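Visitor: here is my input; please provide its structure:
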Amino acid sequence: MNMGPLKRLSEIRIRDPFILEPAPGSYVLFGTTDHNVWGGPATGFDCYTSDDLESWHGPIAAFRPPEGFWSGSQYWAPEVHAYAGRFYMFATFLSDHTQVRGVAILMAETPTGPFRPWSDGPVTPPGTPCLDGTFFLDDDARPWLVYSRGAEGTAGGEPPLADGEMHALRLSDDLKVATGEPQLLFHASSAPWSKPLRFPDGVEPPAELRLAKDPLFTDGPFVRRTSTGSLHMLWSSFGDEGYAMGLASSETGNILGPWAQSSEPLWARNGGHGMILNASNGNDYLVFHAPNDTPNERTTLLRIESQ
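Guide: Alright, predicted model coming up:
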């Protein structure tokens with residue numbers, strides 16, 4: 001494998017970063033890596049490897065769409081999780097046929113891929129805009145997908161959301177399909193810090209997004225149970241200072257909540273879509289991209305101090 005030259009995080013343009021530690025002291029960085037993030041044609045997903053979280057080899061081609069793949073645009077937010085002896089990627093794609101985003105699952109035998117399609121298209125509801133899926137195993141080892149309901153409407157007539165939603169969806173044990181109906185966890189408006197996305201006077205959002213006026217967004221969920229048994233979710237929206245990231249906590253310790261929101265954002269200014277890395281070096285890290293301005297996005301890695 002061509003590992004590529006060594007780079008610092010400041011040299012790697014990436015959105016929606018996700019770091020996997022498949023073996024102690026071995027790290028793999030994934031994220032939205034296409035040069036043309038917002039339109040097509042898409043290339044795929046690249047990843048980078050490191051043994052110290054400072055110097056990174058890459059890019060390594062983690063996924064390239066096979067001939068006839070159902071999506072050719074807007075490859076976003078890949079997460080990779082070890083499960084049942086394999087590695088599964090949860091990522092967002094825009095359907096060429098329906099022009100609706102959905103979350104699909106890919107699989108590989110090794111953490112850097114190459115990943116290949118595993119689910120038959122999206123596992124999220126067909127025809128409903130969905131994005132930013134994250135994987136969660138409950139206390140009974142049942143797999144769940146937690147994802148954002150996209151704010152845009154559809155060409156087929158589904159109206160846009162003015163108030164973004166976060167959902168949970170049970171998956172089959174083999175991660176091939178959904179096995180139940182989506183369960184609403186919370187709305188964006190439930191967080192006091194979440195504010196509508198307002199475009200400047202005279203600036204209209206792209207018509208193809210079919211957005212509601214001044215919508216509230218849900219974005220980038222990541223679910224983690226603490227050593228004390230509490231269940232928390234990082235998620236992103238827009239706040240007073242732009243793209244921001246907050247924290248929600250399940251009042252029951254169950255994925256279905258109810259979820260209580262922090263009163264202030266965890267990160268308030270022009271950055272978000274985060275995850276937590278509990279590294280084998282004994283440190284915990286908050287990982288997210290900042291700024292949120294294309295093409296200046298970079299991975300931010302902040303050590304979490306113990307309380």
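Visitor: which strand is the longest one in the chain?
Guide: strand 71-83 (DSSP state E).
Visitor: that strand: how far from the chain's middle?
Guide: 8 Å (CA atoms, centre = their mean, to the nearest Å).
Visitor: which neighbours in the sheet does that strand have, and how are they oriented?
Guide: Strand pairing for strand 71-83, determined by DSSP bridges: strand 86-95 (antiparallel).
Visitor: in the strand it pairs with, which residues are buried?
Guide: Residues of strand 86-95 classed as buried: 87, 88, 89, 90, 91, 92, 93, 94, 95 (neighbour count, 16 or more other CB atoms under 10 Å). All C-beta spots, glycine's among them, are computed from the backbone N, C-alpha and C.
Visitor: which one of these is nearest to residue 278?
Guide: Residue 278 lies nearest to residue 87 out of the buried residues of strand 86-95, by CB to CB, at 17.8 Å.
Visitor: now do the longest strand of the chain, average pLDDT.
Guide: Taken as a whole, strand 71-83 carries a mean pLDDT of 97.
Visitor: let me know the pLDDT of residue 158.
Guide: In this model, residue 158 carries a pLDDT of 74.
Visitor: my guess is it contacts residue 125. True?
Guide: No: checked against CB atoms under 8 Å, the pair residue 158 and residue 125 is beyond contact range at 10.3 Å.
Visitor: hey, where'd the helices end up in the stretch 151-300 of the chain?
Guide: Using DSSP state H, counting those that start in this stretch, the stretch 151-300 of the chain contains no helices.
Visitor: where does pLDDT dip in it?
Guide: 155-157, 199-210, 212 (pLDDT under 70).
Visitor: could you redo the last one with a cut-off of 50?
Guide: Within the stretch 151-300 of the chain, no range satisfies pLDDT under 50.
Visitor: and residue 284, bridged to which residues?
Guide: Going by DSSP bridges, residue 284 is paired in beta bridges with residue 278, residue 304.
Visitor: measure it to residue 263 for me?
Guide: Counting by CB to CB, to the nearest Å, the separation of residue 284 from residue 263 is 23 Å.
Visitor: how about residue 88?
Guide: Counting by CB to CB, the gap from residue 88 to residue 263 is 35 Å.
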